[in-house]
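Chemist: kindly return the folded structure for what I paste below:
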Amino acid sequence: MAVVFDEGAPTQSRSTFARIVNDETNRSVFYQIVVFGLIAWVAWYLFTNTAHNLETRGMSSGFGFLGSTAGFSIAWTVIPYEPTNSYGYVFLVGIVNTLVVSLTAIVFTTILGFFIGVFRLSRNWLVATLASWYVEIIRNTPLLLQILFWYTAVFSLLPRPKQSIEILGMFPLNNRGFYYPAPVPGDGFWMTMLAIVVGIVLAYVIAVRAKRKQIATGERSAVALPVLGAVIGLPVVVYLVTGQPLAWDQPELKGFNFVGGGSVPPAFCALFLALVIYHAAYIAENVRAGIMSVTKGQTEAAYSLGLRPSWTMRLVIIPQAMRAIIPPLISTWMTVVKNSSLAVAIGYPDVVAVFMQTSLNQSGHAIEIVAMVMLFYSVVSLTISAALNYYNKLIQLKER
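Modeler: I've put the predicted structure just below:
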């Protein structure tokens, strides 16, 4: 009887295994799993080792301290705060203080940066030269030095409250801060706020419809007056009809300081000006580079159609330049938020000062507090990046 050996099955099995191993996609997935496993192992090792060391030294860990009473005062807060509040509330106070100065600085930084960037390309020699000097001097000076300059050499040398500088006759400025009338909403003011929201939505609808009409027919619609009517006119009418339900608490000098109204400390003013002036120089360079990336043929074509220089810049050049301006603008906005942490040098109570310094020194939970502050800055930066990336995607050229 003849014996027959079936060698086809092992050979086929080996060839199947070889195809799986040599497949680029399978290798990529395998390497990713290995790397992820190594990272997870390192993270777990660091976590367990840190927890063991803390336990050995008798130091408590965890986030239970957030419910404990802070027991210290904060010089200036946007939201109400008392020393009897918890460490968790201190974290919230620091976040709000940081966001207020950062977001305000971002708005004014962007506006100033756009103007300086356009001025750098001006045909007027004096305007272009001054803008160029501004950019070169500011960009090559450390931000921390500028913050200290504004705080120590400007706001610290302002006169006392009795000799305050009156801006427009209603905004006192002295070495204790900047004072302004504080709004005091009355009954029915919510209707005015609702009218503002409705006006903004109407203005957006009007602008979108005008743009679609321009794309379809080539005709530009007058949207300035309808938009102003929706955003300003409608709320004003509702405000007047409802009996003007808004009063103003004016700051008044009583004794050695002003009482009433609202105020911001010198540290806020110094930090705000330093952030705006410093980062506007970077945005100005982004704007200049973006405008220069648009070919001169676009300008010549606009002039040949009879567009004025201002219309050419606003309707032809800037929309195309935005595709090159937005990507570096994302980085600048995130840098504004992160650089606000330098406020600790002049005593502004941001999240770093009140939480990562005072709260950390009192509670001793260094790892938890540092991790929470890092997470806060990461979330803000990722939010800014996502929003501007979404806008950048909308304005990019799309192939048909």
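Chemist: after the helix or strand containing Ala280, which helix or strand is next?
Modeler: According to DSSP states H and E, Ala280 maps onto helix 266-292. The helix or strand immediately downstream of helix 266-292 is helix 296-304, counting by DSSP H and E.
Chemist: what's the angle between that following helix and helix 266-292?
Modeler: Interaxial angle of helix 296-304 relative to helix 266-292 (axes from the mean of the first three to the mean of the last three CA atoms, to 10 degrees): 90 degrees.
Chemist: still on that earlier bit, can you point out the buried residues in the helix holding Ala280?
Modeler: Judged by neighbour count using 16 or more other CB atoms under 10 Å, the buried positions of helix 266-292 are 266-288, 290-291. The way it works is simple: take the backbone N, C-alpha and C, and place the C-beta from them, glycine included.
Chemist: any low-confidence regions in the chain?
Modeler: Counting by pLDDT under 70, the ranges of the chain that qualify are 1-15, 17-22, 50-52, 54-55, 57-61, 397-400.
Chemist: which segments of it make up each domain?
Modeler: Domain assignment for the chain, taken from automatic domain parsing, gives 19-56, 87-164+267-395.
Chemist: from the ones you listed, which stretch is densest packed?
Modeler: By mean neighbour count, with neighbours taken as mean count of other CB atoms under 10 Å, domain 87-164+267-395 ranks first of the domains of the chain at a mean of 17.
Chemist: got the end-to-end distance for that one?
Modeler: 43 Å (CA to CA, to the nearest Å).
Chemist: and for stretch 139-150?
Modeler: First-to-last residue span, stretch 139-150, CA to CA: 16 Å.
Chemist: for that stretch, what is the distance to the chain centroid?
Modeler: Centroid separation between stretch 139-150 and its chain, computed with CA atoms, centre = their mean, to the nearest Å, is 20 Å.
Chemist: closest to Trp190 out of the domains of the chain?
Modeler: domain 87-164+267-395 (22.3 Å; CB to CB).
Chemist: name the helices or strands packed onto the helix holding Ala280?
Modeler: In terms of contacts (3 or more CB pairs under 8 Å, 6 or more residues apart in numbering; DSSP states H and E), helix 266-292 is packed against helix 87-120, helix 125-139, helix 143-148, strand 177-180, helix 318-339.
Chemist: got the angle for that helix vs helix 318-339?
Modeler: 150 degrees.
Chemist: check the offset of helix 266-292 from the chain's centre.
Modeler: The answer for helix 266-292 is 13 Å, by CA atoms, centre = their mean.
Chemist: coming back round to it: dump the domains of the chain to TSV, plus distance to Ser221.
Modeler: As requested, these are exported to TSV (distance: least, CB to CB, whole Å):
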stretch	distance to Ser221
domain 19-56	52
domain 87-164+267-395	13
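Chemist: relative to Asp249, which of these is closest?
Modeler: Judging the domains of the chain by CB to CB, what sits closest to Asp249 is domain 87-164+267-395, at 17.2 Å.
Chemist: show me the contacts for Met334.
Modeler: 380-381, 384-385 (CB atoms under 8 Å, 6 or more residues apart in numbering).
Chemist: of the domains of the chain, which is nearest Ala203?
Modeler: With CB to CB as the criterion, Ala203 lies closest to domain 87-164+267-395 of those, at 17.8 Å.
Chemist: centre of the chain to the closest one, how far?
Modeler: In terms of CA atoms, centre = their mean, the centre of domain 87-164+267-395 is found 8 Å from the chain centre.
Chemist: cool, stretch 212-219 as well?
Modeler: So, by CA atoms, centre = their mean, the centroid of stretch 212-219 is 34 Å from its chain's centroid.
Chemist: hmm, who's touching it?
Modeler: Contacts for stretch 212-219 (CB under 8 Å, 6+ apart): 220-221.
Chemist: from Gly290, how far out is the closest residue to Val127 other than its chain neighbours?
Modeler: Among residues not flanking Val127 along the chain, Phe119 sits closest, at 5.2 Å (CB to CB, 6 or more residues apart in numbering). Noted for Phe119: a distance of 14 Å to Gly290, by CB to CB, to the nearest Å.
Chemist: go on, Trp133?
Modeler: Taking CB to CB, one finds Trp133 at 21 Å from Gly290.
Chemist: please save the CA atoms from stretch 250-268 in PDB.
Modeler: C-alpha atoms of stretch 250-268 as PDB (Å, rounded to 0.1, in the frame of the first residue of the first chain):
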ATOM      1  CA  GLN A 250     -21.000 105.600  39.200                       C
ATOM      2  CA  PRO A 251     -17.700 105.400  41.100                       C
ATOM      3  CA  GLU A 252     -17.300 108.200  43.600                       C
ATOM      4  CA  LEU A 253     -14.300 109.400  45.500                       C
ATOM      5  CA  LYS A 254     -15.000 109.000  49.200                       C
ATOM      6  CA  GLY A 255     -12.100 109.400  51.600                       C
ATOM      7  CA  PHE A 256      -8.900 107.900  50.200                       C
ATOM      8  CA  ASN A 257     -10.400 105.800  47.400                       C
ATOM      9  CA  PHE A 258     -13.300 105.400  45.000                       C
ATOM     10  CA  VAL A 259     -16.500 103.700  46.100                       C
ATOM     11  CA  GLY A 260     -19.100 102.100  43.800                       C
ATOM     12  CA  GLY A 261     -18.900 101.200  40.200                       C
ATOM     13  CA  GLY A 262     -16.500  98.600  38.800                       C
ATOM     14  CA  SER A 263     -12.700  98.500  38.800                       C
ATOM     15  CA  VAL A 264      -9.700  96.500  37.600                       C
ATOM     16  CA  PRO A 265      -6.400  96.600  39.400                       C
ATOM     17  CA  PRO A 266      -3.100  97.900  38.000                       C
ATOM     18  CA  ALA A 267      -1.900  94.300  37.500                       C
ATOM     19  CA  PHE A 268      -4.800  93.600  35.100                       C
END
